[in-house]
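>>> Dropping the sequence and predicted coords here.
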Amino acid sequence: MNTKEMTPATMQAVARYFHVLSDQTRLTILNELRQGERNVGELAQICGYTAANISRHLSLLAQQGVVSRTSQGNSVYYRIADEAVYELCDVVCDNIVKHLQKQQAEHQSLLAEVSGQR
């Protein structure tokens, strides 16, 4: 499905999904969950945030189906529910690198041109 075929409801759902991925704290959490499942306390300690803050972000990620949770005794453990989120992040990271490389090449070309005029 391309964007021209998307209904307003579909676009809204896509926007909500991307919105949940647009926060640095949530990306940090997802990056940590790449290593395996963790509970809120572990994520809070690793990420340097409060447990309440981590819980709020995990709730948003769970609402979008990005993470899932299971109870083990008194602890709730979170894990990635959809590995495709990492593929999406990898595509974005690759595009950022390409963009930066293009900018660098343009800057080097401009610098060489300006330096040659002196």
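Noted; the coordinates are in hand.

>>> most centrally placed residue in this protein?
In the chain, the C-alpha nearest the mean C-alpha coordinate belongs to Leu27, at 3.9 Å (Cα atoms, centre = their mean).

>>> Which residue is the nearest non-sequential neighbour of that one?
Leaving out its chain neighbours, the residue that sits closest to Leu27 by Cβ to Cβ, 6 or more residues apart in numbering is Leu21, at 6.9 Å. Every residue, glycine included, has its C-beta placed from N, CA and C.

>>> model confidence over the single longest helix found in the chain, on average?
Assignment by DSSP state H gives helix 84-116 as the longest helix of the chain. Helix 84-116 carries an average pLDDT of 88.

>>> Stretch 45-54 too?
Stretch 45-54 carries an average pLDDT of 95.

>>> quick one: it to chain centroid distance?
Offset of stretch 45-54 from its chain centre (Cα atoms, centre = their mean, to the nearest Å): 17 Å.
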